[in-house]
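Novice: Fold the following and give me the result.
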Amino acid sequence: MSLRKRTPTAIVFLAIVFAVIQFTPNIVMFLFLQGIVVASLIEFYNLAQRRKHFPERLLGVVMALILCAPFYFKAIPFELALFGCFLLAGLWYVITFNTIEKLVTFPTSIALTLFGAFYLSFTLNYIYRIKAERGPFYLYFLFSIIFLGDTGAYFIGKLLGKHKMTPMASPHKTWEGSLGGIVFGCFGGVLAQQVLVPKEVGIGQALLCGLLVHAVAQLSDPLESLFKRAVGVKDSANILPGHGGFLDRIDSLILASPFFYYFIKFFWK
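Specialist: Prediction:
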């Protein structure tokens, strides 16, 4: 995909994300994030359907919204939301799966429906929690590590990449590109520390954060790619010109966001 096609979409999308994070109340950002979660979840379910698996989309979306509730409403325990999802799923399947034809698809349907909701809603809502508890600068800290690391991995991989890293999940990713991503991720952490929170975080902490967070992002990306490779597609959708779908754009953040949240929670003051 050429940079000429990717750049305009990236600029517009990043401008919208920045405006929402920086200038809107928390409730607006929370709702905006749920829109991205739901769009990504629908793309995930569409991928499954290509392999003749049929997750229950409406049920999955409702469960995703239930799982997001504890992130905004602190009075709601996450355990309650999780139990509510299992209760709702049980009720849904017992009532609606009432034919032999549906019964055959039950195991894969319930597994994919539950996994998709948990995989995307539980993880991505840590983006909101970081902003709500730490403020927007810490989100920009995370984004700097991810985006600069991904950029470094792309260009170093293009220039020097020879040894395949995860050929089954991501055929074009190389160990050389991975190392470049780690280096640029560390640079992103130090740059963010210097510009955003110089009095709160030390350079050594920023370096370690950049290294570990981008390492987790490099796991998160090919994990999402496995779902696409399993159904033989390059992108999860064609909604964003030059970028595929929402799931393609947030794949690195799926695991990196909760990791970053707990890293700064337990290792930074």
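Novice: So which residues of the stretch 101-250 of the chain form helices?
Specialist: Defined through DSSP state H, counting those that start in this stretch, the helices belonging to the stretch 101-250 of the chain, from first to last, are 123-124, 126-134, 136-160, 175-195, 203-231, 246-267.
Novice: what stretches of this protein score poorly on pLDDT?
Specialist: Confidence mapping of the chain against pLDDT under 70 gives the ranges 1-6, 241-243, 269.
Novice: remind me, longest strand of it?
Specialist: If each strand of the chain is counted by residues according to DSSP state E, the longest one is strand 170-174.
Novice: Can you give the strand pairings for that one, parallel or anti for each?
Specialist: When pairs are called by DSSP bridges, strand 170-174 turns out to pair with strand 164-166 (antiparallel).
Novice: Which of the helices of the stretch 101-250 of the chain sits closest to residue 17?
Specialist: Each of these was scored for nearness to residue 17 using Cβ to Cβ, and the closest is helix 136-160 (8.5 Å). Every residue, glycine included, has its C-beta placed from N, CA and C.
Novice: The closest one packs against which elements?
Specialist: Where contact means 3 or more Cβ pairs under 8 Å, 6 or more residues apart in numbering; DSSP states H and E, helix 136-160 is packed against helix 3-23, helix 126-134, strand 170-174, helix 175-195, helix 203-231, helix 246-267.
Novice: buried set for it?
Specialist: For helix 136-160, a neighbour-count test (16 or more other Cβ atoms under 10 Å) marks 136, 138-150, 152-154, 156-157 as buried.
Novice: right, and the helices and strands packed on helix 136-160 - which one's nearest residue 48?
Specialist: Using Cβ to Cβ as the measure, helix 203-231 is the one of those that comes nearest residue 48, at 7.7 Å.
Novice: who's in contact with residue 117?
Specialist: Listed by Cβ atoms under 8 Å, 6 or more residues apart in numbering, the contact set of residue 117 reads 41, 60-61, 63-64, 67, 85.
Novice: same thing but at 10 Å, please
Specialist: With contacts defined as Cβ atoms under 10 Å, 6 or more residues apart in numbering, residue 117 is in contact with 37, 41, 44-45, 55, 59-68, 85, 89.
Novice: swap in residue 79?
Specialist: If you count contacts by Cβ under 10 Å, 6+ apart, residue 79 has them with residue 70.
Novice: How about residue 105?
Specialist: Applying Cβ under 10 Å, 6+ apart as the definition, the contact partners of residue 105 turn out to be 52-55, 97, 112.
Novice: And for residue 152?
Specialist: Taking Cβ under 10 Å, 6+ apart as the criterion, residue 152 is in contact with 177-188, 214.
Novice: Present the helices of the stretch 101-250 of the chain as a markdown table; the columns should include distance to residue 108.
Specialist: A markdown table is the format used below for the helices of the stretch 101-250 of the chain (distance: least, Cβ to Cβ, whole Å):
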| stretch | distance to residue 108 |
| --- | --- |
| helix 123-124 | 22 |
| helix 126-134 | 28 |
| helix 136-160 | 32 |
| helix 175-195 | 32 |
| helix 203-231 | 13 |
| helix 246-267 | 19 |
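Novice: Residue 13: which of these is closest?
Specialist: Using Cβ to Cβ as the criterion, the shortest distance between residue 13 and the helices of the stretch 101-250 of the chain is 7.3 Å, found for helix 246-267.
Novice: Give me the distance between the closest one and the centre of its chain.
Specialist: Taking the mean of its C-alpha atoms, helix 246-267 sits 7 Å from the chain's own mean (Cα atoms, centre = their mean, to the nearest Å).
Novice: Tell me the buried residues in it?
Specialist: 246-261, 263-264.
Novice: Do I have it right that residue 239 meets residue 46?
Specialist: No. At 11.1 Å, residue 239 does not count as touching residue 46 under the criterion of Cβ atoms under 10 Å.
Novice: shared neighbours of these two, anything?
Specialist: Taking Cβ under 10 Å, 6+ apart as the contact criterion, the common neighbours of residue 239 and residue 46 are 245, 247.
Novice: re earlier: in TSV, list the contacts of residue 152 along with neighbour count.
Specialist: Compiled in TSV, the contacts of residue 152 are given as follows (neighbours: other Cβ atoms under 10 Å):
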residue	neighbour count
177	26
178	22
179	17
180	23
181	30
182	22
183	18
184	25
185	31
186	23
187	18
188	28
214	27
